[in-house]
Structures are given as C-alpha cells and as structure tokens.
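Colleague: quick one, fold the following:
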Amino acid sequence: MEIQGWIILNFYTALLLILLLIFQSKNIRTKSGDRFNKLDVMTLILLISETVGHIGELYPDRFLWLAVIGYYIIYAFDPADYLFAILYIDCWIGNEKQSRWRKYFTFVYKVFVVVNFSLITISTVFNLKWFYYFENNTYVRGPMFFARAVLLMLFCIMLSVYTLIYRKSIFANYRSAIFTLPTLSLIGAVLQIFIAKLDMTYASIAIGLLILFFQLQDKNLDIDYMTGCLNRRGLDIRFEEAVRTAQNNGRTFAAIMLDIDRFKSINDNYGHHEGDIAIKTVADILVEVFNDASIGRFGGDEFCVVTNISDQKELQEKVELLDDELDKWNYVSEKPYKIEVSMGYLIYDADKKMSAEEFVMAIDELMYIQKRKHHLGDNRRQ
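Modeller: Numbers count the residues shown, from 1 in each chain. Got it, this is the predicted structure:
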C-alpha cells in the first residue's frame with residue numbers, strides 16, 4: 001500500500017505541534033506562552049481539518065461529508081491562525097507611543113476574521129458557491145476564492161512588515177527568531193494558494209513555532225525555571241512598561257505583592273520538596289485567578305501580579321477569590337500544612353508620578369503590614 005506524501009507530512013506536522021504543546025504547557029506560563037499555545041492549538045485544529053477534508057476527497061462516495069466539514073473549518077477559521085500570530089508577536093513588542101497603530105492593525109484584522117467567518121458560513125449554509133464547492137464529488141474553487149486568498153496574503157505580508165517596523169522594540173537577541181514566524185507563514189500561504197496540491201501552510205507555521213520554542217519560549221531570560229511564571233527581571237520590565245503607559249496615556253493598572261506565611265516552617269518541618277510544592281501551588285492558583293495578567297515570582301516565596309484592573313472593587317473581588325482558592329486547596333490537599341499568604345495591593349495613580357520602584361516599595365510595605373498582623377495573630381494563639 002502506497003502512502004501519499006501529504007499523509008506523512010500532516011502526520012509529522014501534527015506530532016510536532018502536539019509535542020510543542022506538551023512541552024510549552026509544562027514549562028512556560030506567561031502571556032506569550034498562553035498565546036503561543038493558542039497559535040499552536042489553532043494550527044493543529046486546521047491541520048486536522050485539512051486531513052479530514054482530504055480523506056473525504058479520497059473516498060467521496062462514502063465520506064464526502066468529511067470533506068464538507070473539513071473545508072468549512074479551514075475556510076472559516078484559517079484567518080484566525082494569523083490573528084493568533086499577530087497577538088503572539090505583539091507580546092514581544094514593548095509599549096510605545098506608536099502602540100495605537102498596532103492596535104488599529106490588530107482591530108482591522110479582527111474585523112477581517114469576523115467578516116470572513118460570516119461570509120464563509122453564509123456561502124456554505126445556502127450553497128452559494130462563493131469560495132469553494134463540490135461538484136461531482138470533486139472540490140472546486142469558487143469565483144471569490146482568489147479575492148479572499150489575495151486579501152489573506154496581503155495581511156500576511158503586512159504581518160511581516162508590521163514585525164519589521166517595530167523590530168527596534170524587540171530585544172535584539174529575539175528578532176531573528178520572531179521574524180521566522182511571519183516569513184514562513186507567508187511562504188506557506190503563497191505555496192498553498194498557487195499550488196493547490198502543495199499543503200505547506202500549516203507545516204510552515206509549525207516549523208516557525210519550533211524555532212520560536214527553542215529560541216524564545218524555552219530559553220526566555222524572563223522566566224522563572226521553577227514555576228514557569230515571570231522572574232524578577234521579567235517583572236521589572238512589566239512594571240516599567242505599565243508605569244510608562246499609565247503616565248503617557250492615563251491607562252492605569254493594579255499590582256499585588258504577596259508572600260507565603262510561615263514558609264520557613266514548611267521547609268524546616270517537611271523538607272524543601274514540600275516548600276517547592278507550596279511555591280508551585282501558589283503559582284498555579286495565581287495563574288488560575290489572574291489569567292490575563294503578568295504573574296511572576298519576585299524572589300523566594302514572594303510573588304507579584306501586574307494586572308490591567310483599574311477598579312478598586314474588582315481588585316478586592318480578585319483578592320478575595322485568591323483567598324477562596326487557597327482555602328479550597330488547603331481543604332482538599334491533605335497536606336500536613338496550610339498555605340496562607342500575606343498580600344499588599346494598590347491601583348497605580350498616574351497623578352502622583354510614582355516611579356516603578358516607588359510603586360513596588362509602596363505595595364511591598366502594604367504586604368508587610370498584613371504580614372506583621374498575621375505574625376501577631378500567631379503569637380497571640382501561641
């Protein structure tokens with residue numbers, strides 16, 4: 001039995017995407033890591049859909065419905081893959097005055113994604129044959145196929161230009177790796193459009209993700225090796241960016257500083273392995289509660305969260321949710337110790353013109369005020 005080339009290519013591409021997802025999910029838990037995963041998953045879904053569609057084409061008498069489903073998913077969601085690429089690259093570009101142009105570009109592309117999905121769905125549901133259709137059990141490109149393809153390729157080219165324009169805002173050691181993603185995506189898209197049987201789009205993106213993983217995600221200087229969250233260096237950068245944005249644009253933010261109460265006692269009584277478990281548990285819960293924030297290990301058993309929350313009530317609710325999640329863990333963990341934390345939190349006031357260092361010190365002091373209260377309570381109980 002002869003195995004067709006596209007089957008082998010898709011199999012190894014899918015295997016590569018799955019392995020990247022496994023290793024990435026295990027090691028990195030930052031905004032760039034989250035967007036890397038979303039790009040990986042979206043590419044994998046489209047690759048599977050392409051495979052299902054080809055199987056339907058090979059056996060149209062019995063499985064044409066697979067081709068219908070597969071091609072619908074590809075045409076409807078293919079632009080979303082490039083959107084995730086844009087959002088991922090944006091993680092590596094610092095905040096600047098020109099950031100509004102990046103937002104305009106992203107907004108326009110989001111509109112394109114929504115319009116594309118709507119038109120593909122309408123064409124498929126009402127059998128209008130705008131972009132593709134099946135005639136005599138054969139896949140045929142519709143009259144609007146190339147218009148959509150050219151527009152998609154134009155956005156792909158703009159993604160490369162976008163990366164080029166903001167290259168100076170990307171750390172020098174990261175630039176070459178980041179350029180590979182839009183470049184390989186563009187090559188794959190061009191080959192797919194003009195050579196219908198050459199399915200290289202998702203393989204090209206997968207290769208780009210592989211390069212990014214080894215050059216950035218797995219060797220990110222801003223990542224804490226134990227928790228997969230940001231380290232002190234990464235947090236300092238996020239604080240500087242957030243303060244600069246607040247002072248320039250008036251867009252405020254909040255930060256939370258916390259550390260584990262009686263952490264030394266956990267290490268002394270139960271060993272450093274249990275201390276590591278406590279640290280990783282706090283990191284896990286922080287990622288769960290503050291899923292769209294910059295979360296990092298400030299040092300030792302101390303953590304910090306930088307979030308876009310600007311409302312005191314919302315911030316208080318998040319802090320209470322964090323306490324609730326810690327209580328739940330303590331209830332079900334069956335560990336001989338409890339994980340409790342002291343916290344300080346504050347919304348940045350741009351009018352006070354505090355530097356990043358001053359703001360961190362203010363939150364740190366609030367945290368230690370609560371910590372002293374906790375220690376006082378421990379002494380009274382003893």
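Colleague: every contact and neighbour count from this point should use C-alpha atoms.
Modeller: Fine.
Colleague: would you mind listing the buried residues in the strand or helix carrying residue 55?
Modeller: Element membership of residue 55, judged by DSSP states H and E, is helix 31-58. Judged by neighbour count using 16 or more other CA atoms under 10 Å, the buried positions of helix 31-58 are 31-57.
Colleague: mind listing the strands for this protein?
Modeller: Under the criterion DSSP state E, the chain contains strands at 132-135, 138-141, 254-260, 294-299, 302-307, 341-347.
Colleague: check which residues of the fifth one are buried.
Modeller: Going by neighbour count (16+ other CA under 10 Å), the buried part of strand 302-307 is 302-307.
Colleague: and for the first one?
Modeller: Buried positions in strand 132-135, judged by neighbour count with 16+ other CA under 10 Å: 132-134.
Colleague: ok, stretch 284-292 next?
Modeller: Those would be 285-287, 290, for stretch 284-292 by 16+ other CA under 10 Å.
Colleague: same thing with stretch 64-73?
Modeller: Those would be 64, 66-73, for stretch 64-73 by 16+ other CA under 10 Å.
Colleague: one more: stretch 150-161?
Modeller: Buried-residue list, stretch 150-161, by 16+ other CA under 10 Å: 152-153, 155-157, 159-160.
Colleague: where along the stretch 251-382 of the chain do the helices fall?
Modeller: 263-270, 272-289, 312-332, 356-381 (DSSP state H, counting those that start in this stretch).
Colleague: most tightly packed of those?
Modeller: helix 272-289 (a mean of 17; mean count of other CA atoms under 10 Å).
Colleague: gap between it and the chain center?
Modeller: Remark: helix 272-289 is offset 21 Å from the chain centroid, using CA atoms, centre = their mean, to the nearest Å.
Colleague: residue 202 contacts residue 191, correct?
Modeller: No: using CA atoms under 8 Å, residue 202 and residue 191 do not qualify as a contacting pair, with a distance of 11.2 Å.
Colleague: the more surrounded of these two?
Modeller: Counted by other CA atoms under 10 Å, residue 202 and residue 191 do not tie: residue 202 has more neighbours, with 28 against 15.
Colleague: between the buried residues of strand 302-307, which is closest to residue 138?
Modeller: Nearest to residue 138 among the buried residues of strand 302-307 is residue 307, at 51.6 Å by CA to CA.
Colleague: now the closest one. Nearest residue, chain neighbours left out?
Modeller: Nearest non-adjacent residue to residue 307, counting by CA to CA, 6 or more residues apart in numbering: residue 293, 4.7 Å away.
Colleague: please report phi then psi for the one you found.
Modeller: phi -120, psi 170 (degrees, to the nearest 10).
Colleague: same thing with residue 130?
Modeller: The phi/psi pair for residue 130 (degrees, to the nearest 10) is phi -70, psi -50.
Colleague: what number of residues lie near it?
Modeller: For residue 130, the tally of surrounding residues (other CA under 10 Å) stands at 16.
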